[in-house]
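Asks: this is a predicted model, with the sequence first.
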Amino acid sequence: MLKKSILILAASCMMYSCATKTDNNPFLSEFQTPNGVPPFDKIKLEHYEPAFQKGMEEQNTNIQAIIDNTETPSFENVIAALDNSSPTLDRVGGVFHNLTEAETTDELTALSIKLAPVLAEHEDNISLNQELFKKIDAVYRQKESLGLTREQERLLEKTYKGFVRSGANLPADKQNRLREINKQLSTLGITFSNNILNENNDFKLFVDKKEDLAGLPEWFCQSAAEEAKAAGQEGKWLFTLHNASRLPFLQYAANRPLREKIYKAYINRGNNNDKNDNKKIISEIISLRLEKAQLLGFDCYSNFVLENKMAKNATTVMDFLNNLWGYALPKAKAEASELQNLMDKEGKGEKLEAWDWWYYTEKLRKEKYNLEESEIKPYFKLENVRDGAFYVANKLYGITLTKLDNVPVYHPDVEVFEVKAQDGSQLGIFYVDYFPRSGKRGGAWMNNYREQQGSVRPLICNVCSFTKPVGDTPSLLTIDEVETLFHEFGHALHGLLTQCQYKGTSGTNVVRDFVELPSQINEHWATEPEVLKIYAKHYQTGEVIPDTLIGKILNQQTFNQGFMTTELLAAAILDMNLHNLKNTEGIDVAAYEKEAMEQLGLIPQIAPRYRTTYFNHIIGGYAAGYYSYLWANVLDNDAFEAFKEHGIFDKQTAALFRQNVLEKGDSEDPMVLYKNFRGAEPQLDPMLKNRGMK
Ligand SMILES: [Zn+2]
């Protein structure tokens, strides 16, 4: 998954006292470090607020200069100037928005809640600035005669439409209401996410009887014992809702009531009628979004969001999802009955429930493919997998990654690499932060500290929550985690290889339903036999993964895909349903979700991958956008076919992908980029086949 923090451009100066000394605030000038990396060792909590304030003032000054410029409005003096109007905000926002996700503290969270409405207001001050919009409009109206490059045309179009979509054409009273809505949404969104973080951290399942560990692998028990010790309960075992704890527990724990307990705690996050409850918050968000869409002339929020995406409108997305549903649900139902058969054989007379799914799937995997996750994990030491991802990038694109020491980091777990092109020129700096912590949001994402622009190279990071090393045992990844590492590194490549002239078009600043193509295609290499033989080496013996194990891994690739596709689709449809609403009055989100899932015919053993009260994606920029993963899955499967046709390391295919996708950012329409690479529009079939649905 990608969480691309959208740096909120922006500034109101009223709420600050200017007492803080700014002399040694590292954000107020270019970072004085090699490669211009953030000086984490010098950044202190008290630096952020004054830097945001100065940054907003600076941007206001720069925008006033654009307005006051007496020359004829041109691409350079309006559009490019606006693209470059916020150097200080870019610096401080880059660090701040990364740390509030990856290494937050109570103080940082409090500050982000305080700043959110201020930054939202600053953004509105820009996008609703009539004089600025007049300048942009003047450039836009003469766009045909300006002799612009394709990238300049795109940035102009994007800027102009961005202003219109932010309400620049609305009368003053509607603009004022829009400001009010944006401010409320910014605060509600942060509260929603924090409630989920609290729910994740609050739940602690301590086990004190050894018999309750039945079925759990040794490595997992060790890790749980260390967690318990760290939590001050030595001698017990601690399990939590984080993926690296919850999922193995559901997969292996023979104790059914405990599985039920952890499962229910997970799917009821934000839905416990307590201080972390998100029902009211999400209803308010949905209602405010609808009102915003209607102010801007749309019938529902999803049509507003989709207007500038590849999919264009809600009907296209719903048709796409419903079509897939017709393939996925029958496969999931068939999987459910296979699991039930397995349970029947045990003769306990139990009926398959949602908290049994992972456990019996693991058993069935063993029975059908003679494969156990614990058998393959020793071959997936984190460092080996990471080097495997680097190896693939080297074979495809000629790039090299070299570890840099002595680069300031915000946590000892973070490692830094210099990325170079084949000719030795620097492509960027790459940070990895792979282990879960209480201050880190769950999941995995890529982000940047600095955008690429012309000769300024980007600073990119991957943040994940993988299985931690325990005692002498290094971090050993599950297949899922292996694919996640390749996935996030795929986003990183999109960020690192970009060759654009403007921040607004560079790197991953592409539309949501295109942004997962570079990440998801990169997952395909992770399990190619040729690649596995390079990186999958036993962490103790160094033995290369045997062919028999590779065969088993490949054999089960479509295994459980009915479930995986169905839970993803259910969440995507739920997201669309919530944002397709044309009336949200008195909505009860819990009842609405239940009804929507019943209408779909979702079986009770499967919940949507994210339920309404903890659907962080639809807060963090994927509203009416969760379908993007499946949409891009069509693209990535079809695109990987090109590699399969010519060889997975075929230089020419790699060059085509690099030149038409990875380097291009948003400098061209995504379907044009895709066709330039593939020579045709994407086909659905490769995806259906790879998911075992055709
Ligand atoms: Zn992603």
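Replies: Structure received.
Asks: using PDB, write down the CA coordinates of the lowest-mean-pLDDT helix or strand in the chain.
Replies: Lowest by mean pLDDT, DSSP states H and E among the helices and strands of the chain is helix 373-376, with a mean of 87. Extracted C-alpha coordinates of helix 373-376, given in PDB (Å, rounded to 0.1, in the frame of the first residue of the first chain):
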ATOM      1  CA  GLU A 373       5.100 -20.900   6.000                       C
ATOM      2  CA  SER A 374       7.600 -21.800   8.700                       C
ATOM      3  CA  GLU A 375       9.400 -24.100   6.100                       C
ATOM      4  CA  ILE A 376      10.100 -21.200   3.800                       C
END
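Asks: who's in contact with it?
Replies: 217, 219, 251, 362, 365, 478-479, 545, 549, 552-553 (Cβ atoms under 8 Å, 6 or more residues apart in numbering). In short, each C-beta sits where N, CA and C put it, glycine included.
Asks: which of the residues you listed has the most neighbours?
Replies: residue 251 (24 neighbours; other Cβ atoms under 10 Å).
Asks: picking up where we left off before, work out the gap between the following helix or strand past the least confident helix or strand of the chain and the centre of the chain.
Replies: Sequence order places helix 382-397 as the next helix or strand after helix 373-376, per DSSP states H and E. Put simply, helix 382-397 sits 21 Å off its chain's centre (Cα atoms, centre = their mean, to the nearest Å).
Asks: could you pull up the mean pLDDT of helix 382-397?
Replies: Helix 382-397 shows a mean pLDDT of 98.
Asks: in that helix, what's buried?
Replies: For helix 382-397, a neighbour-count test (16 or more other Cβ atoms under 10 Å) marks 382, 384-390, 392-393, 395-397 as buried.
Asks: again, but for stretch 290-303
Replies: So stretch 290-303, judged by 16+ other Cβ under 10 Å, has buried residues 290-293, 295-296, 298, 300-303.
Asks: could you do stretch 248-262 as well?
Replies: Buried residues in stretch 248-262 (16+ other Cβ under 10 Å): 248-253, 255, 258-259, 261-262.
Asks: wouldn't residue 372 be in contact with residue 363 here?
Replies: No: judged on Cβ atoms under 8 Å, residue 372 makes no contact with residue 363 at a distance of 9.5 Å.
Asks: the more surrounded of these two?
Replies: residue 363 (20 against 16).
Asks: check contacts around the residue lying closest to that one once chain neighbours are set aside.
Replies: Closest residue in space to residue 363, ignoring its immediate chain neighbours: residue 342 at 6.1 Å, by Cβ to Cβ, 6 or more residues apart in numbering. By Cβ under 8 Å, 6+ apart, residue 342 lies in contact with 360, 363-364, 367.
Asks: TSV for the buried residues of helix 382-397, including distance to the ion?
Replies: As requested, these are arranged in TSV below (distance: Cβ to the ion, whole Å):
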residue	distance to the ion
382	19
384	22
385	17
386	17
387	21
388	19
389	14
390	18
392	17
393	16
395	22
396	19
397	19
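Asks: what mean pLDDT does the helix or strand containing residue 178 have?
Replies: For residue 178, the host element (DSSP H and E) is helix 172-202. For helix 172-202, mean pLDDT rounds to 94.
Asks: ok, residue 30 - how many residues close by?
Replies: The number of residues packed near residue 30 is 10, by other Cβ under 10 Å.
Asks: ditto for residue 619
Replies: 21.
Asks: just give the closest residue to it, not the sequence neighbours.
Replies: residue 189 (4.7 Å).
Asks: show the contacting residues for that neighbour.
Replies: By Cβ under 8 Å, 6+ apart, the residues touching residue 189 are 116, 285, 619-620.
Asks: all strands of this protein, in order?
Replies: Applying DSSP state E to the chain gives strands spanning 205-207, 237-239, 400-404, 415-420, 426-433, 445-450, 459-463.
Asks: need these in JSON lines with distance to the ion and mean pLDDT, can you?
Replies: Shown next, in JSON lines, are the strands of the chain (distance: least, Cβ to the ion, whole Å; pLDDT from 0 to 100):
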{"stretch": "strand 205-207", "distance to the ion": "29", "mean pLDDT": "98"}
{"stretch": "strand 237-239", "distance to the ion": "27", "mean pLDDT": "98"}
{"stretch": "strand 400-404", "distance to the ion": "20", "mean pLDDT": "98"}
{"stretch": "strand 415-420", "distance to the ion": "19", "mean pLDDT": "98"}
{"stretch": "strand 426-433", "distance to the ion": "15", "mean pLDDT": "98"}
{"stretch": "strand 445-450", "distance to the ion": "7", "mean pLDDT": "97"}
{"stretch": "strand 459-463", "distance to the ion": "10", "mean pLDDT": "98"}
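Asks: let me have those strands in JSON lines, extended by mean neighbour count.
Replies: What follows is the strands of the chain, written out as JSON lines (neighbours: other Cβ atoms under 10 Å):
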{"stretch": "strand 205-207", "mean neighbour count": "17"}
{"stretch": "strand 237-239", "mean neighbour count": "23"}
{"stretch": "strand 400-404", "mean neighbour count": "15"}
{"stretch": "strand 415-420", "mean neighbour count": "19"}
{"stretch": "strand 426-433", "mean neighbour count": "22"}
{"stretch": "strand 445-450", "mean neighbour count": "24"}
{"stretch": "strand 459-463", "mean neighbour count": "25"}
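Asks: ok, back up a step: lowest-confidence entry in the contacts of helix 373-376?
Replies: For the contacts of helix 373-376, the pLDDT minimum is residue 219, 87.
Asks: look up how far residue 457 lies from it.
Replies: Residue 219 sits 39 Å away from residue 457 when distances are taken as Cβ to Cβ, to the nearest Å.
Asks: try residue 260
Replies: According to Cβ to Cβ, residue 260 stands 50 Å off from residue 457.
Asks: between the two ends of stretch 539-552, how far is it?
Replies: Terminal residues of stretch 539-552 lie 20 Å apart, using Cα to Cα, to the nearest Å.
Asks: which parts of that stretch are buried?
Replies: Buried residues in stretch 539-552, defined by neighbour count with 16+ other Cβ under 10 Å: 539, 545, 550, 552.
Asks: report the backbone C-alpha coordinates of stretch 621-629 in CSV.
Replies: Output of stretch 621-629 as CSV, limited to C-alpha atoms (Å, rounded to 0.1, in the frame of the first residue of the first chain):
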residue,chain,number,x,y,z
GLY,A,621,-6.3,10.1,0.2
TYR,A,622,-7.9,6.9,-1.1
ALA,A,623,-11.6,8.0,-0.7
ALA,A,624,-13.4,6.6,-3.7
GLY,A,625,-10.0,5.3,-4.5
TYR,A,626,-9.5,2.0,-2.8
TYR,A,627,-10.5,0.3,-6.1
SER,A,628,-7.2,1.6,-7.4
TYR,A,629,-5.3,-1.4,-6.2
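Asks: what about that stretch, near the ion?
Replies: No: on the criterion Cβ under 5 Å from the ion, stretch 621-629 is out of touch with the ion, staying 7.4 Å away.
Asks: gap between that stretch and the chain center?
Replies: 10 Å.
Asks: so what are the domain limits for this structure?
Replies: 26-127+129-165, 203-267, 378-555+628-690 (automatic domain parsing).
Asks: start to end distance for the first one?
Replies: End-to-end distance for domain 26-127+129-165, by Cα to Cα: 35 Å.
Asks: neighbours around residue 39, how many?
Replies: Considering only other Cβ under 10 Å, residue 39 is surrounded by 15 other residues.
Asks: that concludes my questions; thank you for your assistance.
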